[in-house]
Each structure stands twice: as C-alpha cells, then as structure tokens.
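Asker: below are the sequence and a predicted model; questions follow.
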Amino acid sequence: MTKLISALVIVVVIYCGWQLFQYYEKVENEEATKKKEAAALLNPAMLPGMPSQLEQGLQTVQQRGPAAMREWLKTYEQQLQDPRKAWIELDFCVAITREAPAEARRIFKAVKDRTPANSPIQPRIKQLQASYE
C-alpha cells in the first residue's frame, strides 16, 4: 500500500511540475510577443505628426550631424506635431548629449512634460530617463 501511495505522490509531483513549466513558457511567450508588438509600433517613420515630404530631408540632416539637425528643427518645427516631433527631438537630444548636456536635459524635460502617458513614445522616454534626469 505504501508503494502505491509513494507512486501516486511521485505522479502528482511530476504532473504539477509539468503544469508549472507550461505556465512559465506561456508567460514568457506573452512577454516576448508584447515586446515584438511594441518594437513594431515604435517605427519612427510610421508615427503620425510629420508631412511625408519632410522624411527625406530629415534622414539627410540626421546623417550630417547635430548642427544640421538643430537648423532643420528650427526651420520645420511649425510643421511637426507629436508624437513624431517628440521622437525627432529625442533623437536630437541623444545626438547633442556630449557637446551640450544641459541643452539635452532641457529638451528631454520639455518632451517628457508634454508627452501623455498613453503616447507610443513613452517607452523610449522611460528608456532615456535615467540618462537625462
């Protein structure tokens, strides 16, 4: 009788372990899916708020460096809207961090203050927050 009970206990422990393992895999797969969806949503070119004819110019000035980006932002600031404007300003912020850290912090704070909690760029703000505060 004790052998039967021991065997039953072992079967129950193995079953519970298997169920726990399956639950862990399910949670892990859900987290990976959420990360992939978030990454797909964060394609900056797909964010609304910038006329499509400015995209090529933006790519050009991003390759030229922070000075060109600063001028481009001054020139086209009125045509840009959030969340695309905020994303571009965060790119600029990262680009000028070494040469003008105070200005980078000021720009980051302005973007953070005007960005709502449900904005698609909120994950990027949280990612950069430790560097600029």
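Answerer: In hand now; what should we look at? In this text the structure is predicted, and so the values were computed from the model without any measurement.

Asker: phi first, then psi, for the residue nearest to residue 45 when sequence neighbours are not counted.
Answerer: Of all residues not flanking residue 45 in the chain, residue 55 sits nearest, at 6.6 Å (C-beta to C-beta, 6 or more residues apart in numbering). Heads up, the C-betas are built off the backbone N, CA and C, glycines and all. With angles defined as degrees, to the nearest 10, residue 55 sits at phi -60, psi -50.

Asker: again with residue 61
Answerer: The phi/psi pair for residue 61 (degrees, to the nearest 10) is phi -70, psi -30.

Asker: again, but for residue 115
Answerer: According to degrees, to the nearest 10, residue 115 has phi -90, psi 120.

Asker: against which helices or strands is the strand or helix carrying residue 68 packed?
Answerer: Taking DSSP states H and E as the definition, residue 68 sits inside helix 66-76. If you count contacts as 3 or more C-beta pairs under 8 Å, 6 or more residues apart in numbering; DSSP states H and E, helix 66-76 packs onto helix 55-64, helix 84-96.

Asker: all good on my end, thank you.
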